[in-house]
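# Predicted model follows, preceded by the sequence.
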Amino acid sequence: MNFRSALLILTLFVLPYAAHSQSAADYISQGVEKYNSGDLQGALTDFQQAAKKNPNLGVAYYNLAITKKSLGDLKGAVADYDKAIEVKYASAQVYNARAIVKYDLGDKKGAIEDYTKAVELNPKLAAAYNNRGTAKKDLGDIDGALVDYKKALEADPKLATAYNNIGNYELEKGNFKAAIENFDKAQESDPNLIFVYFNRANAKDAIRDYKGAEEDYTKVIELDPKQAIAYNNRGNVKSKQREFEDALVDYQMAVKLNPNFPLGYYSIGLTNYNLQNYDDAIKNFDKAIELDQRFAEAYELRGRIKGVNKDYDGALKDFTMAIDLQPQNAKAYYGSGYVKILMDNTESGCKDLEKSKQMGFGQSQALLNKHCK
């Protein structure tokens, strides 16, 4: 599981308090107090009053933008950042803040333009380089993203999210050792970033350091005991160590935390399948499919069990559904082919086995040799 970097935390600006009645500065101060106490609507009203009192007061529009973003009005936030810049309140922080909102709106190119303006105004603004790198990555400029992550670290050698992003770059390139080294640095800089442990666990899993991955998922759970996906993933690495009973405990905790988690039920079903608890596995796959009717892998495994139970019609329906949902599912073609042969539909079964073989599923060859001469 990959997590994009945390963006720069925005700070409301306060003007010096004025002694006379209800000046723009008074409204700004009141608004900040209300914002900090959680009264966002009250803060919004006060900042609007400040802008009404002084239409050229850039800080009023800036604070309005932050408040609107917090209320979910992203387009309104951009409009207020635009207004702040229009009245010459155009600092690096304002451009960086507007870029964050543009990014959230899906305007990645606009975000990059604003991040660029931010670092032109303040070449030491590490978060802007880091965030620009994330936007570039999303647009496919992977190498450009790496350059920005490194610039972020030049500006702030302790920026954990930049190390995390470089780690993800290396992970996607298959450079697992380099990825882990960068995740280690991210963890050293900030030991409380959950996504760093997730990402490092992925890298350790890739090099079959299952114990190391398990330790990282355990750390995620320590930091946030309600992380269902962390229990599920820890169960996966336990399963890879053939610790099926312990894995089952983790999977069960995952669905306890999130009863609408189809992957969790699938994982329980897979474990019960490995333990040959086929009746329980069928129920688990039924639940996974109930929650996600496009879960191809659940259909494929349920089909296998139905085949073992000699419910060939039911098995064929499941394999066919898996193939419809996932046309490159070689195991589903294998299962479909085998079941068809058992149902005396050898010609069609051999065609499915041949497709499975062409997709790289080596076990198909033995059945082809036996039934399809």
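Cool, got the structure. Numbering: from 1, shown residues only.

# mind listing what's buried in the host helix or strand of residue 222?
Using DSSP states H and E, the element containing residue 222 is helix 210-223. By 16 or more other Cβ atoms under 10 Å, the buried positions in helix 210-223 come out as 210, 212, 213, 214, 215, 216, 217, 219, 220, 221. For every residue, glycine as well, the C-beta is placed using N, CA and C.

# With stretch 182-198 instead?
Of the residues in stretch 182-198, those buried (16+ other Cβ under 10 Å) are 182, 183, 185, 186, 187, 189, 193, 194, 195, 196, 197, 198.

# Same check on stretch 270-279?
Buried residues in stretch 270-279 (16+ other Cβ under 10 Å): 270, 271, 272, 273, 277, 278.

# same check, this time on stretch 300-314
So for stretch 300-314, counting by 16+ other Cβ under 10 Å, buried means 300, 301, 302, 303, 304, 305, 306, 307, 311, 312, 314.

# unless I'm mixing things up, the fifth one is touching residue 332, no?
It stands for residue 304. No: using Cβ atoms under 8 Å, residue 304 makes no contact with residue 332, being 9.6 Å away.

# what touches both of those two?
Counting by Cβ atoms under 8 Å, 6 or more residues apart in numbering, residue 304 and residue 332 have no contacts in common.

# coming back round to it: show me what the helix holding residue 222 is packed up against.
Packing partners of helix 210-223 (3 or more Cβ pairs under 8 Å, 6 or more residues apart in numbering; DSSP states H and E): helix 194-206, helix 228-240.

# Using CSV, write down the CA coordinates of that helix.
The C-alpha atoms that make up helix 210-223 are tabulated as CSV, following Å, rounded to 0.1, in the frame of the first residue of the first chain:
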residue,chain,number,x,y,z
TYR,A,210,8.6,-11.7,6.3
LYS,A,211,9.6,-11.2,9.9
GLY,A,212,10.7,-7.7,9.2
ALA,A,213,7.5,-6.9,7.4
GLU,A,214,5.5,-8.4,10.3
GLU,A,215,7.4,-6.1,12.7
ASP,A,216,6.5,-3.1,10.7
TYR,A,217,2.8,-4.0,10.5
THR,A,218,2.9,-4.6,14.2
LYS,A,219,4.3,-1.0,14.6
VAL,A,220,1.4,0.3,12.5
ILE,A,221,-1.1,-1.5,14.8
GLU,A,222,0.7,0.0,17.9
LEU,A,223,0.3,3.5,16.4
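
# ok, and what's touching it?
Against helix 210-223 from outside (Cβ under 8 Å, 6+ apart): 192, 194, 197-198, 200-202, 204-205, 227, 230-231, 233-234, 237-238, 240-241.

# Make a ChimeraX selection of the buried ones in those.
Restricted to buried positions by 16+ other Cβ under 10 Å, the ChimeraX selection for the contacts of helix 210-223 reads:
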select :194,197,198,200,201,202,204,205,227,230,231,233,234,237,238
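
# Mark which of the buried residues of stretch 270-279 are part of helices, please.
The helices, defined by DSSP state H, take in 270, 271, 272, 273, 278 from the buried residues of stretch 270-279.

# Any chance of those in CSV with distance to residue 349 and pLDDT as columns?
As requested, those are exported to CSV (distance: Cβ to Cβ, whole Å; pLDDT from 0 to 100):
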residue, distance to residue 349, pLDDT
270, 25, 96
271, 30, 95
272, 28, 95
273, 23, 94
278, 23, 96
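
# so the helix or strand where residue 172 lies versus helix 194-206, what angle?
Per DSSP H and E: residue 172 is located in helix 160-173. Per axes from the mean of the first three to the mean of the last three Cα atoms, to 10 degrees, the angle that helix 160-173 makes with helix 194-206 is 30 degrees.

# Which residues in helix 160-173 does the neighbour count mark as buried?
Buried, per 16+ other Cβ under 10 Å, within helix 160-173: 160, 161, 162, 163, 164, 165, 166, 167, 168, 169, 170, 171.

# what does stretch 251-259 give?
Applying 16+ other Cβ under 10 Å to stretch 251-259 flags 251, 252, 253, 254, 255, 257, 258 as buried.

# Need the nearest residue in space to the last one, chain neighbours excluded.
The reference is to residue 258. Closest residue to residue 258 apart from its sequence neighbours, by Cβ to Cβ, 6 or more residues apart in numbering: residue 228 at 4.0 Å.

# Go ahead and confirm residue 356 touches residue 366.
No: contact between residue 356 and residue 366 fails when scored by Cβ under 8 Å: they sit 11.5 Å apart.

# who has more neighbours, the two?
Set residue 356 next to residue 366 and count neighbours by other Cβ atoms under 10 Å: residue 356 wins out with 26 against 10.

# what helix or strand does residue 362 sit in?
Counting by DSSP H and E, residue 362 is part of no helix or strand.

# got the contact list for it?
By Cβ under 8 Å, 6+ apart, the contact list for residue 362 is empty.

# Below-threshold pLDDT in this structure: ranges please.
Low-confidence segments of the chain, defined by pLDDT under 70, span residues 1-21.

# can you tell me how far the nearest residue to residue 151 once chain neighbours are set aside sits from residue 61?
Distance criterion Cβ to Cβ, 6+ apart; nearest residue to residue 151, sequence neighbours excluded, is residue 129 at 4.3 Å. For residue 129, the distance to residue 61 equals 25 Å [Cβ to Cβ, to the nearest Å].
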